[in-house]
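*Asks:* just coords:
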Ligand SMILES: [Mn+2]
């Protein structure tokens, strides 16, 4: 780790201009890490954030309200017109060209560092400067916080709290990919001044939406041995809505694996899958043309209706 951090420092020292980018529809882990890194680099370098086209994450929006500082955004179009010869692009919380905020930017900038904790996906970004992809880590926040701790760099309460909230989300409250190191990083953030009341404030969900999700969960049923499916209604939902339904379903006693099926658009059905980390839902979603990890996976199916997708999923569950 220390060696990687030293290399990271070395790379940083070569550039005066740093562009920070995370995945599209940013979350606390990706964007929070970028904010922490911005705090570290700001003053010393010109830092630019690739402006997200969509801000859908409620917790991130709240965390940024508390942060209450101007973020130096530039949108994709404007950025693509710039000269990148002296710029370093740091991509956080994804390793896939398909998922980044701006694929064109990732293809155009020569000097790239990727900092990520996901398994390697298809359409891999090829970092030229440095590769800090550590799939054993719980989150990008864990990596960035460790780096800043190492530097003895002090963050303010709002940023520390944003990082603690993101750590909690990515580990599903210290259940997934959580190690002794993860708890040490959480402890460090609290020790430095992260605020536990503010953190709860950031992580709260809007009441209407949460009640709606529980309404949908009334229709969930067990296929076999703790494998539960919740079929959403006929409305169109975002992938995040569906993952929250699956996540809520997994909280109920007796549920070992949770699936939510719903319409992502008029011709696309989505499945969101969650397990507690012992049953591989990534593999199950793979068989339906999707993908993901052990405890967290999804797929999108075109040209089938909800009922047909439900039947395919039930088959996969029974064959598992
Ligand atoms: Mn993450």
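*Replies:* That came through fine. Not measured: the values here are computed from a predicted model.
*Asks:* Contacts only, for the closest residue to the ion within the chain.
*Replies:* Closest contact between the chain and the ion, by Cβ to the ion, is at residue 29 (3.4 Å). Every residue, glycine included, has its C-beta placed from N, CA and C. Applying Cβ atoms under 8 Å, 6 or more residues apart in numbering to residue 29 gives the contacts 93, 139, 140, 141, 166, 167, 169, 170.
*Asks:* I'd like to know which of these are part of helices.
*Replies:* Under the assignment DSSP state H, these contribute 140, 141, 166, 167, 169, 170 to helices.
*Asks:* restrict those to those near the ion?
*Replies:* residue 170 (Cβ under 5 Å from the ion).
*Asks:* Now the two most distant members of the ones in helices among the contacts of residue 29.
*Replies:* For these, the farthest-apart pair by Cβ to Cβ is 140 and 169; their separation is 11.6 Å.
*Asks:* who's more crowded, those two?
*Replies:* A count of neighbours by other Cβ atoms under 10 Å puts residue 140 above the other of residue 140 and residue 169, at 32 against 20.
*Asks:* okay, the more buried one: pLDDT?
*Replies:* Note on residue 140: pLDDT of 98.
*Asks:* Could you report the neighbour count for residue 177?
*Replies:* Residues near residue 177, counting by other Cβ under 10 Å: 21.
*Asks:* Ramachandran angles for it?
*Replies:* Backbone dihedrals for residue 177, given as degrees, to the nearest 10, come out at phi 50, psi 30.
*Asks:* what sits against the nearest residue to it once chain neighbours are set aside?
*Replies:* Distance criterion Cβ to Cβ, 6 or more residues apart in numbering; nearest residue to residue 177, sequence neighbours excluded, is residue 138 at 4.4 Å. Applying Cβ under 8 Å, 6+ apart to residue 138 gives the contacts 117, 167, 170, 171, 176, 177, 178, 179, 182.
*Asks:* do the helix or strand hosting the last one and the ion meet at all?
*Replies:* Residue 182 belongs to helix 180-192 when elements are defined using DSSP states H and E. No - using Cβ under 5 Å from the ion, no contact is recorded between helix 180-192 and the ion, whose separation bottoms out at 12.5 Å.
*Asks:* For that helix, give the mean pLDDT please.
*Replies:* pLDDT averaged over helix 180-192 gives 98.
*Asks:* Buried residues in the helix or strand following it, which are they?
*Replies:* Per DSSP H and E, the first helix or strand lying C-terminal to helix 180-192 is helix 196-203. By 16 or more other Cβ atoms under 10 Å, the buried positions in helix 196-203 come out as 198, 199, 201, 202, 203.
*Asks:* just stretch 214-229 next, same as before
*Replies:* 216, 217, 220, 223, 226, 227, 228, 229.
*Asks:* Show me what the last one bridges to in the sheet.
*Replies:* In this case it means residue 229. residue 221, residue 259 (DSSP bridges).
*Asks:* ok, it - contacts?
*Replies:* 220, 221, 223, 259, 260, 261, 310, 313, 314, 317.
*Asks:* Check the fourth one too.
*Replies:* Residue 223 sits next to 229, 314, 317, 318 when contact means Cβ under 8 Å, 6+ apart.
*Asks:* follow-up on the earlier one: mind giving me the ChimeraX command for buried ones among the contacts of residue 29?
*Replies:* Restricted to buried positions by 16+ other Cβ under 10 Å, the ChimeraX selection for the contacts of residue 29 reads:
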select :93,139,140,141,166,167,169,170
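*Asks:* Quickly name whichever of the contacts of residue 29 is closest to residue 245.
*Replies:* The closest of these, once distances to residue 245 are taken by Cβ to Cβ, is residue 169, at 16.0 Å.
*Asks:* Which secondary structure state does residue 63 sit in?
*Replies:* helix (DSSP: H, G, I helix; E, B strand; the rest coil).
*Asks:* quick one, domains of this protein?
*Replies:* Using automatic domain parsing, the domain ranges for the chain come out as 2-203, 207-319.
*Asks:* And the pLDDT for the residue lying closest to residue 57 once chain neighbours are set aside?
*Replies:* Closest residue in space to residue 57, ignoring its immediate chain neighbours: residue 27 at 5.0 Å, by Cβ to Cβ, 6+ apart. With respect to pLDDT, residue 27 scores 95.
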